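> with the sequence up front, the predicted model follows.
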Amino acid sequence: MAYTDLRDWIKTLEKSGELKRITIEVDPNLEMAEIADRTAKLHRGTAKAGGPALLFENVKGHPGASVLMNQFGSLRRMQLALETDSLDDIANRIRTLIKPQMPTSFMDKMKLLPMLAEVGNFFPKVVSSKEAPCKQVIKRGADVNLLELPVLKTWPQDGGPFITLPCVITRDPKSGKRNVGMYRMQVYDAKTTGMHWQRQKVAAEHMRERLREATNPGAPGPESGTWDGVAAAARVDLMAITAGGTHAASSLASLSTSTVTRIREDRMEVAVAIGTDPATTFSAIVPAPPDVEEYLISGFLRQKPLELVKAETVDLEVPANAEYILEGYVQLGELRTEGPFGDHTGFYTMQEDYPVFHVTCITHRKDPIYAATIVGKPPMEDAWMGKAVERIFLPLMQLTLPEIIDVNLPPEGVFHNLMIVAIKKSYAGHARKVMNGIWAMGQAMFTKCIIVVDEDCDVHDIAEVTLRVTNNIDPERDIQFTLGPIDSLDHASRLPNYGSKMGIDATRKWAAEGFTRPWPSMLTMDKEVKTKIDAIWKKLGIE
C-alpha cells in the first residue's frame, strides 16, 4: 500500500531497521549537516553504503521540533520509498505505458482494459480542508514566521539557512497545468526566501510567460496561430533586456512606462510543500515531460492517487498530507542576491540574483516533522535519488533515441557533468547523432561530457569504460565540442549558464567513417576453458 504521508514512511523505515533516532541535542546550524554527511559516506562500496536515515528529535533552538535527513540515502531505501524490489521494474512499467502492445484481436483489446483502469487511478483527487492534516495549524499575516522552522545551514560559507527539500508548486499561465519542482530556498527573514529556480527550469519558464504577457496583455502568442509582429518583437526585446528574466526591473528603462508598471505590479502565486510522502518528494526532482504533472507521476509511483487540498491564500492545490505548506508569491522583476551555497558539485555555488518568495501563509500539522537534505561531495543522499531517476526514466530517453541500450550517470560526475551511453551503432556518425540528440533533450541539454560506447560495453563498469575510451579514440578525430546552455551550478563555464560541452565517440570505428586500418579483437578466453575452470575454481582454494 502507498505511504499516506511522511509519518507512515518513517514507521516503515523504523520497522525495516533503516532509521536512527538522534536524541542528543544537535544544532541545525552545521552540526546536523556534518552528522548527515558522515552518515551518507558510511560503508562506501558495500551493501550497507549510505548509512541509516536520521531523525533528529532534540533540535537546538526549536523545542519539540524534529528533522528527518538521509531518508533516500541508500539503494534499499530508494526501493522502499518507491515500493519496489527493483528500480528497473518501474522502468518496465513505464515502457508498457508508453509502448503498449498493439491489440490484434478483441481479446487483446480486453487485456488493455486493466492497464487503462490503472492509469485512471494515478490522477490526484482534491479533498476538503477538514480532511487535510496540513491545515491543522494555520498562520497568516503577522503570525507568519519562517524562523520558527528548523531550517538548516549546511556549509560554513553558505549565505544563510536554506530549505533544501521543498516541493515548489507553480501553475503554467497558458495551459493551467501545475508543476512541482525542487529548488533550494535561502531564508532571508521571517517572511521572505530566495527562489533558486534555475533559468531552464519549468517554474522559471512560468515566470517568463508572465513577463512576456506583461509586454502586451491580451495579444495573441505564437501558439495561437495568429501572427502579431509588434507583440512578438516586444517579447523578444523583453527577453533580451532581462536575459530571460534574470535581470531585475532596474534593467527595464528602455521599455514603456506601462510595461514596466505591469511587470512591477504582477505577482505569480507559489506554494511550497515540505515533508511529503516519499514518492511525491521524489516526483519533484524527476525530468518529467512538460505536459505531465508531477502529481500524476506521484500517483503512478504510489499506485494510488495523491490527495490534494486547496491552499488558503493562493489558487493552487497542495499535498493534503504534507507536514508544512508555505503559500505566497513571487513578484515579477524583483530579484535579490542568493548564496553562496555548498552544492552537490562539491563546490560553493556563488552569489547570484534570483526571485524573491514572499510568504503570506504557513499551514502545518501538529508537531510537524521538517524534512531536509545536505548536498556536497559525492556520495551523498542525492546520489541515490539521481540513480533512481537514471533507471526509471531511461525508457523516456529510449522513446526519443531508441538506439540507446543503457546509460550511466556516475555520482562523481554530479549527474549533469558526465553521461556514459551505450548504443546499438547502425551507421557512420551514429555516436555523434546520439550526442546531439541528448543535448536537445530536456534537462539532458546540460550534460557537459557525453561518452558513447558500443552495446557490448557495460556502462556501469567504470574500469571497462575507461579501457574502451582510452584505447578506442584518436583524440583529435573522436572528440567534438559544441556551445550551448550550461547548468547554473557550473563554475567553470565561460559565462553563467552558457559554455561548451564535449562528446567522445569511443565506439569501434568503421571504414565508412574513414578508418581503414585493421581493428583488433578484444581479449576473451575460450568458453570451454572458462567452463572447466569454473568447475574447479573452489577446489583451488585461491579465494
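Thanks, I have the structure now.
> torsion angles phi and psi at residue 154?
Dihedral pair for residue 154: phi -100, psi -20, per degrees, to the nearest 10.
> now the strands for the stretch 301-450 of the chain?
Ranges of strands within the stretch 301-450 of the chain are 307-310, 317-319, 324-338, 341-342, 348-349, 352-364, 369-371, 404-408, 418-423, 449-454, based on DSSP state E, counting those that start in this stretch.
> if you average pLDDT over the second one, what comes out?
Within the predicted structure, the mean pLDDT of strand 317-319 is 97.
> that strand pairs with which strands, and in what direction?
Strand 317-319 has its sheet partners listed here by DSSP bridges as strand 307-310 (antiparallel).
> so what's the spatially most central residue of the chain up against?
By Cα atoms, centre = their mean, the chain has its centre lying nearest to residue 285, at 2.6 Å. Residues in contact with residue 285 (Cβ atoms under 8 Å, 6 or more residues apart in numbering) are 182, 385, 389. For the C-beta atoms, the positions are set from N, CA and C on the backbone; glycine is no exception.
> before we move on, what about residue 186?
Counting by Cβ under 8 Å, 6+ apart, residue 186 makes contact with 159-162, 193-194, 196, 338-339, 341.
> and residue 208, helix, strand or coil?
Classification of residue 208 using DSSP: H, G, I helix; E, B strand; the rest coil returns helix.
> hmm, residue 214 and it touching each other?
No: counting by Cβ atoms under 8 Å, residue 208 does not reach residue 214; the two are 10.5 Å apart.
> so which of the two has more stuff around it?
Taking neighbours as other Cβ atoms under 10 Å, residue 208 and residue 214 compare with residue 214 leading, 24 against 20.
> in three-state terms, label that one for me.
State at residue 214, reduced to three classes by three-state DSSP: helix.
> any idea how far it lies from residue 235?
10 Å (Cβ to Cβ, to the nearest Å).
> now residue 83
45 Å.
> these two: who's more crowded?
residue 235 (22 against 17).
> check contacts around that one.
Contacts of residue 235 (Cβ under 8 Å, 6+ apart): 212, 215-216.
> that's a helix at it, yeah?
Yes: read with three-state DSSP, residue 235 is one of the residues of a helix.
> what about residue 423, neighbour count?
22.
> quick check on the closest residue to it other than its chain neighbours: phi, psi?
Once flanking residues are discounted, residue 423 sits nearest to residue 403: 4.9 Å by Cβ to Cβ, 6 or more residues apart in numbering. Residue 403 has phi and psi values of phi -70, psi -10 when expressed as degrees, to the nearest 10.
> surely residue 403 touches residue 421?
No: counting by Cβ under 8 Å, residue 403 sits too far from residue 421 to count as a contact (9.5 Å).
> helices of the stretch 51-200 of the chain, start to end?
For the stretch 51-200 of the chain, helices defined by DSSP state H, counting those that start in this stretch occupy the ranges 75-81, 87-98, 106-120.
> so which bits of the first one are buried?
Of the residues in helix 75-81, those buried by neighbour count under the rule 16 or more other Cβ atoms under 10 Å are 76-81.
> can you redo those as TSV with distance to residue 466 and pLDDT?
Output for these, formatted as TSV (distance: Cβ to Cβ, whole Å; pLDDT from 0 to 100):
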residue	distance to residue 466	pLDDT
76	28	94
77	30	95
78	27	94
79	29	94
80	33	95
81	32	94
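> nearest to residue 471, of those residues?
residue 78 (34.3 Å; Cβ to Cβ).
> tell me who's in contact with the closest one.
Neighbours of residue 78 in contact, by Cβ under 8 Å, 6+ apart: 72, 87, 384-385, 387-388.
> over to residue 370?
Contacts for residue 370 were tallied using Cβ under 8 Å, 6+ apart; they are 65-68, 149-151, 274-275, 323-324.
> now with 7 Å?
Residue 370 is in contact with 65, 67, 149-150, 274-275, 323, counting by Cβ atoms under 7 Å, 6 or more residues apart in numbering.
> what does residue 519 give?
508-509 are the contacts of residue 519 under Cβ under 7 Å, 6+ apart.
> which strand or helix spans it?
Using DSSP states H and E, residue 519 sits within no helix or strand.
> hmm, back to that, any chance of TSV for the buried residues of helix 75-81, columns distance to residue 366?
Output for those, formatted as TSV (distance: Cβ to Cβ, whole Å):
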residue	distance to residue 366
76	31
77	26
78	29
79	31
80	26
81	25
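> and which of those is nearest to residue 429?
So of the buried residues of helix 75-81, ranked by how close each gets to residue 429 (Cβ to Cβ), first place is residue 78, at 37.1 Å.
> show me the shaky parts of the stretch 101-250 of the chain.
101-120, 217-229, 238, 241, 243-250 (pLDDT under 70).
> which parts of stretch 369-384 are buried?
Quick answer for stretch 369-384 (16+ other Cβ under 10 Å): 369-384.
> any idea of the mean pLDDT for it?
On average, stretch 369-384 scores 94.
> measure that stretch end to end?
Using Cα to Cα, to the nearest Å, the end-to-end distance of stretch 369-384 comes to 22 Å.
> now do stretch 139-154
OK, stretch 139-154 end separation, Cα to Cα: 27 Å.
> what residues does that stretch touch?
So stretch 139-154 is contacted by 28-30, 32-33, 59, 62, 65, 67, 160-164, 187, 190-191, 193, 313, 324, 342, 359-362, 370, 372, 374 (Cβ under 7 Å, 6+ apart).
> just to revisit the earlier point, identify, from the contacts of residue 285, the entry nearest to residue 281.
Using Cβ to Cβ, the contacts of residue 285 come closest to residue 281 at residue 182, 8.0 Å.
> quick check: phi and psi on the residue nearest to that closest one when sequence neighbours are not counted?
Take residue 182 and drop its neighbours on the chain: the residue closest to it by Cβ to Cβ, 6+ apart is residue 284, 4.2 Å away. Per-residue torsions, residue 284: phi -70, psi -20 (degrees, to the nearest 10).
> so residue 135 sits against residue 363, correct?
Yes: between residue 135 and residue 363 a contact is recorded at 5.0 Å, counting by Cβ atoms under 7 Å.
> the more surrounded of the two?
Neighbour count, other Cβ under 10 Å: between residue 135 and residue 363, residue 363 has more, with 26 against 21.
> any idea how far that one is from residue 298?
Applying Cβ to Cβ to residue 363 and residue 298 gives a distance of 20 Å.
> same question for residue 9.
To residue 298, residue 9 is 13 Å away according to Cβ to Cβ.
> more neighbours: those two, which one.
Using other Cβ under 10 Å as the criterion, residue 9 and residue 298 rank with residue 298 on top: 28 against 25.
> pretty sure that one sits against residue 284.
No: Residue 298 lies out of contact with residue 284 (Cβ under 7 Å); the separation is 8.8 Å.
> circling back to that earlier point, what's the closest of the contacts of residue 78 to residue 50?
residue 384 (6.5 Å).
> ok, the closest one touching residue 74?
Yes: contact criterion Cβ under 7 Å: residue 384 and residue 74 qualify, at 6.1 Å.
> which neighbours do those two share?
residue 50.
> before we move on, the earlier item: any of the contacts of residue 186 buried? List them.
Buried among the contacts of residue 186 (16+ other Cβ under 10 Å): 159-162, 193-194, 196, 338-339, 341.
> taking those residues one by one, which sit in strands?
Among the buried ones among the contacts of residue 186, the residues falling in strands (DSSP state E) are 162, 193-194, 338, 341.
> tabulate these (JSON lines), appending distance to residue 500.
JSON lines is the format used below for those (distance: Cβ to Cβ, whole Å):
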{"residue": "162", "distance to residue 500": "30"}
{"residue": "193", "distance to residue 500": "33"}
{"residue": "194", "distance to residue 500": "29"}
{"residue": "338", "distance to residue 500": "26"}
{"residue": "341", "distance to residue 500": "24"}
